[in-house]
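> Below: sequence and its predicted model.
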Amino acid sequence: MSAADTRTVVLPAWRRAVLKVGSSLLAADGGGLSPRFALGLAQFVSSALAAGREVVIVSSGAVAAGRAILPKAEEAGAAMAARQALAALGQAQLIGLWQRFFERPVAQVLLTHDDLRNRRRYLNARATLNELLALGALPVVNENDTVSVDELKLGDNDNLAAIVAALIDADVLFIATDIDGLYEANPRTHPDAKRIAEVAELTPAVFAMAGGQGSAVGTGGMRTKLEAAAKAGAAGIDTVLFNGRRADVLRDLAHDRLEGTRIRAASTRIAARKYWLRHAPVEPGAIVVDAGAAAALADKGASLLPGGVLGAEGDFRRGDMVEVVLREADGERRIARGISQYSAVDVRRLARRHSRDIESVLGYNYGGNVIHRDDLVLL
């Protein structure tokens, strides 16, 4: 950790980012949603998009929006069911708030942590978000509070944003809050506390600086933001904390200058992802490939295509971690492991086929790769 200071940090170049926006920046004083601070955040996003960058927004605020529509709803039933009802009422309002700032389409994506723990749903969520970005849409992600239980009880979109950042291979996680960053102590109770411009490592001493809950309308405090930074850092992603209420901070941020706190990743993204791919549990079975495919994987860093596949062993499913084995005259040997885009049954049907034939063979298409190179590690 650096010495306490208030300097401006120059951010490294980034191409893809997740921006997390909390309820405290969106809730109106009298209830509902307000564009007051959302406008400045939208202008920051617009400048990034104009520069050819990609942004996914993780936005809180649905419950606050729903509460303005039916202010007495929480009195009608159990607390959890009432909050879930308010979230359902407020989602349309939340998406409408963001859509008003952008000419491009805004897409609503509702996730729970279960969606991101389950490998098959993880792959589907990633494919959807990547396709939305490729189409030029602006994805706005929120927890699916109408059906989640533990996740809504935690109310923690900070950690959800970190998971989404890893999901889409973001370069940086921006967390907009209502204070200027991480301080030595709570600046609301210790006015002389100094802001920490950069954090090199998230130690227990750094976590000790974080207080409890945040604003009255939000459900996450500084500690959850540090927990999110730890998750992002494990995937090789830096986290940036900044005050989303300050127009000058947002203008600087659009030029990659930060008056806030940068929390550096613990490792490079490649190292972190390859470590996970190498050590994640594998399902019984394997994808069997020929020498040409093995050479393409090893020498060219290529994805595994159907044409180099000889068959599949076992009964794995789409999204499972499986081994890749090379079949030679004297037997088989493991050469790689990765996340299969297709089930074992599908892989057998696609063996020796061209990628363009996938849909005609299966009746559907999850992409032209059996294993994408980003989801594969050599052994």
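Nice, thanks for sending it over. Since the model is a prediction, treat every value here as computed from it, not as a measurement.

> immediately after the least confident helix or strand in the chain by mean pLDDT, which helix or strand?
Lowest on mean pLDDT, DSSP states H and E among the helices and strands of the chain sits helix 150-154, with a mean of 43. The helix or strand immediately downstream of helix 150-154 is helix 157-167, counting by DSSP states H and E.

> residue ranges with poor pLDDT in this protein?
For the chain, residues meeting the criterion pLDDT under 70 lie at 1-6, 71-80, 113-114, 117-119, 145-155, 211-220.

> 80 instead, please
1-7, 30-31, 70-83, 112-120, 145-156, 186, 188, 211-220, 267-276, 279-281 (pLDDT under 80).

> Would you map the helices across this structure?
Counting by DSSP state H, the chain has these helices, from start to end: 35-50, 62-69, 79-99, 113-117, 119-134, 150-154, 157-167, 204-209, 222-234, 247-253, 269-279, 291-300, 344-350, 358-362.

> Not counting its neighbours along the chain, what's nearest Ala302?
Leaving aside its sequence neighbours, Ala302 sits nearest to Ala296 (CB to CB, 6 or more residues apart in numbering; 4.1 Å). Using the backbone N, CA and C atoms, a C-beta is placed for each residue, glycine as well.

> roughly how far apart are the one you found and Thr177?
Distance of Ala296 to Thr177, given as CB to CB, to the nearest Å: 46 Å.

> So these two - more neighbours on which side?
Thr177 (27 against 18; other CB atoms under 10 Å).

> Pick out the residue closest to the middle of this protein.
Centroid-nearest residue in the chain: Val164, 1.1 Å away (criterion: CA atoms, centre = their mean).

> So that residue sits against Val58, correct?
Yes - under the criterion of CB atoms under 8 Å, Val164 is in contact with Val58, at a separation of 5.8 Å.

> okay, and the common contacts of the two?
Val18, Val141 (CB atoms under 8 Å, 6 or more residues apart in numbering).

> Give me the neighbour count for Ile237.
So Ile237, with other CB under 10 Å, has 26 neighbours.

> Same check on the one 10 residues further on?
Other residues near Ala247 number 14, with proximity taken as other CB under 10 Å.

> quick one: it from Thr239, how far?
Distance from Ala247 to Thr239, by CB to CB: 22 Å.

> likewise Gly61?
21 Å.

> Now do the same contact list for Leu26.
Leu26 sits in contact with Leu33, Ser34, Phe37, Ala38, Ser59, Ser60, Gly61, Ala64, Leu94, Leu97, where contact means CB under 8 Å, 6+ apart.

> please redo it, this time with the cut-off set to 6 Å
Leu33, Ala38, Gly61 (CB atoms under 6 Å, 6 or more residues apart in numbering).

> Please tell me how far the residue nearest to Gly368 when sequence neighbours are not counted sits from Arg337.
Nearest residue to Gly368, sequence neighbours excluded (CB to CB, 6+ apart): Ser355, at 3.5 Å. According to CB to CB, Ser355 stands 21 Å off from Arg337.

> Comparing these two, which residue is more hemmed in?
Remark: of Ser355 and Arg337, Arg337 carries more neighbours, 24 against 16, as counted by other CB under 10 Å.

> Bridged to the more buried one, which residues?
Glu323, Val377 (DSSP bridges).

> My understanding was that it contacts Val325; is that so?
No - the criterion here is CB atoms under 6 Å, and Arg337 misses it with Val325 at 9.8 Å.

> Could you export stretch 317-331 as PDB, CA atoms only?
Output of stretch 317-331 as PDB, limited to C-alpha atoms (Å, rounded to 0.1, in the frame of the first residue of the first chain):
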ATOM      1  CA  ARG A 317     -21.900 -31.900 -20.900                       C
ATOM      2  CA  ARG A 318     -21.600 -28.400 -22.500                       C
ATOM      3  CA  GLY A 319     -19.600 -26.200 -20.200                       C
ATOM      4  CA  ASP A 320     -17.700 -29.000 -18.400                       C
ATOM      5  CA  MET A 321     -14.000 -28.900 -18.000                       C
ATOM      6  CA  VAL A 322     -12.600 -31.800 -19.900                       C
ATOM      7  CA  GLU A 323      -9.200 -33.100 -21.000                       C
ATOM      8  CA  VAL A 324      -7.900 -33.100 -24.600                       C
ATOM      9  CA  VAL A 325      -6.000 -36.200 -25.600                       C
ATOM     10  CA  LEU A 326      -3.900 -36.900 -28.600                       C
ATOM     11  CA  ARG A 327      -4.400 -40.300 -30.200                       C
ATOM     12  CA  GLU A 328      -1.200 -41.700 -31.600                       C
ATOM     13  CA  ALA A 329      -0.200 -45.200 -32.900                       C
ATOM     14  CA  ASP A 330       1.200 -46.200 -29.500                       C
ATOM     15  CA  GLY A 331      -1.800 -44.900 -27.500                       C
END
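
> Ramachandran coordinates for Gly244?
Backbone torsions for Gly244, taken as degrees, to the nearest 10, come to phi -80, psi 0.

> From here on, call the first residue 28.
Let's use 28 as the start, then, which means that last one is Gly271.

> ok, now how distant is it from Tyr210?
Following CB to CB, the distance that separates Gly271 from Tyr210 is 16 Å.

> The two: who's more crowded?
Taking neighbours as other CB under 10 Å, Gly271 and Tyr210 compare with Gly271 leading, 28 against 21.

> What's the end-to-end length of stretch 45-54?
End-to-end distance of stretch 45-54 (CA to CA, to the nearest Å): 21 Å.

> Which positions in that stretch come out as buried?
Applying a neighbour-count criterion of 16 or more other CB atoms under 10 Å, one finds Val45, Leu46, Lys47, Val48, Gly49, Ser50, Ser51, Leu52, Leu53, Ala54 buried in stretch 45-54.

> Tell me who's in contact with the first one.
Contact partners of Val45, counting by CB under 6 Å, 6+ apart, are Val83, Val85, Ala188, Val191, Ala192, Ala197, Leu200.
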